[in-house]
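In: below is the sequence, then the predicted model.
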Amino acid sequence: MSIVSIITPTYNHQNYIKECIDSVKMQSFTRWEQIIIDDGSTDQTFEIAKATIGDDPRFTLIKQENKGVFRLDEIYNKALSYCKGEYVAILEGDDYWEPEKLTWQMAEFEKNDKVVLVWGKAYARTFNSKDKSNIIPKIGQDVNKDFLINKPICSFFNFMFFNFCPPLTFVINKKILTEINGFHQILPFPAIDFYTTLLLSCEGEFVFIDKPLGTWRINPIQTSKKNGIEIFQGSKSIVYHFLNTISSENRKSIFISDNEIENSFKCRFVITYSRAGRFALINKQYLLARKYYYQSLGKYIFFEPIWKLRSLVGLIFSFIRCDVEYLAKIFGKGSFKS
């Protein structure tokens, strides 16, 4: 029976790493190994991980000097070099899995060993909440279900361009991952999942499991909040690089027009800088907040009017140094603090 190698990068996750490791220990599928790389944590992450692992030989725990989110490809590929399994799963140190997760996914690989990637939904919850009502990605009736399984080859782009696909649900055929030279990162994107998944989509079929496989923890100080602008800029670079380098045959599987892509990035620009302003405001970085709000307001005038209004309100709040989270709660938009 096949072995699944689980790659777990972790940094300052002392409050979450035990739950992460325990969720692996509780898997009903038991033929796994977990490679945990502590990227120079300054808290007790390494010590807690070591104590949680105990003497279980299925774990490899490595501590290294901090490389950070802009060298994640190095961290992931270092972990990959330790992997002995035929399949590779991703589970970052602040996330955790459902007990049947690997069992459900490995059943799909057993049916067809040429499958490139098996993935599914995840619960998304804020760091201190137990609410599991939010499930991602949200798949409406208008979604072409063939895109979820990358049919035709390379068509996963059509879904991934508009949706976050939680990498904690991914299990990848290691042979194919190795053939594309492991994990890839295009800067300034502070993650490896987007471009790597697009490259994998050129290699064969995916399988989608239509139920939550784990929980993605949304922390107000995590990469997706702190590095929103880098994510936007990096994703734009990734998309255009990918479209410019894939084969003409694979390009036929991209059904989103160039104009739709361009307009989408204009909308994302307005939203990204508005969110960056809000995050800066929360952290009382008033000058930085104004800079971001001005950028959100000043470009693409006819795009995202609601977000433009939010930027205007945030800009006013930055001058009077008021807590924008109070207003957000009144209008039911949620708070980064909740």
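Out: Okay, I see it.
In: low-confidence ranges, the chain, go.
Out: Within the chain, the stretches with pLDDT under 70 are 1, 127-130, 219-226, 323-338.
In: per-domain residue ranges of it.
Out: 4-219, 226-330 (automatic domain parsing).
In: same list (these) but as a markdown table, adding mean neighbour count.
Out: For the C-beta atoms, the positions are set from N, CA and C on the backbone; glycine is no exception. Below are the domains of the chain laid out as a markdown table (neighbours: other Cβ atoms under 10 Å):
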| stretch | mean neighbour count |
| --- | --- |
| domain 4-219 | 19 |
| domain 226-330 | 17 |
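In: where along the protein do the strands fall?
Out: 4-10, 32-39, 59-64, 87-90, 96-97, 117-126, 135-136, 171-173, 206-218 (DSSP state E).
In: Throw those into CSV and include distance to residue 164, thanks.
Out: Below are the strands of the chain laid out as CSV (distance: least, Cβ to Cβ, whole Å):
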stretch, distance to residue 164
strand 4-10, 18
strand 32-39, 23
strand 59-64, 28
strand 87-90, 14
strand 96-97, 18
strand 117-126, 9
strand 135-136, 6
strand 171-173, 18
strand 206-218, 9
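In: figure out which of these is closest to residue 142.
Out: strand 206-218 (16.0 Å; Cβ to Cβ).
In: how much does the closest one deviate in direction from strand 117-126?
Out: 20 degrees (axes from the mean of the first three to the mean of the last three Cα atoms, to 10 degrees).
In: direction included, what does strand 206-218 pair against?
Out: Using DSSP bridges, strand 206-218 pairs in its sheet with strand 96-97 (antiparallel), strand 117-126 (parallel).
In: what's across from residue 171 in the sheet?
Out: residue 89, residue 118.
In: how close does it sit to residue 28?
Out: 15 Å (Cβ to Cβ, to the nearest Å).
In: so who does the closest residue to residue 191 other than its chain neighbours touch?
Out: Counting by Cβ to Cβ, 6 or more residues apart in numbering, residue 191 lies nearest to residue 72, which is 6.3 Å off, once chain neighbours are set aside. Going by Cβ atoms under 8 Å, 6 or more residues apart in numbering, residue 72 touches 9, 183, 185, 190, 191, 192.
In: same check on residue 102?
Out: 4, 27, 28, 29, 32, 89, 171.
In: let's see it at 6 Å
Out: 4, 27, 29 (Cβ atoms under 6 Å, 6 or more residues apart in numbering).
In: how about residue 94?
Out: Applying Cβ under 6 Å, 6+ apart, the residues contacting residue 94 are 13, 16, 217.
In: out of everything not next to it in sequence, what's closest to it?
Out: Using Cβ to Cβ, 6+ apart, the closest residue to residue 94 is residue 16 (4.1 Å).
In: check residue 87 too.
Out: That would be residue 4: by Cβ to Cβ, 6+ apart, it lies 4.8 Å from residue 87.
In: one more: residue 62?
Out: Residue 62 sits nearest to residue 37 (Cβ to Cβ, 6+ apart), 4.8 Å away.
In: state the distance from the one you found to residue 216.
Out: On the measure of Cβ to Cβ, residue 37 and residue 216 end up 19 Å apart.
In: do the same with residue 137
Out: 11 Å.
In: looking at the strands paired with strand 206-218, which is nearest to residue 271?
Out: strand 117-126 (17.8 Å).
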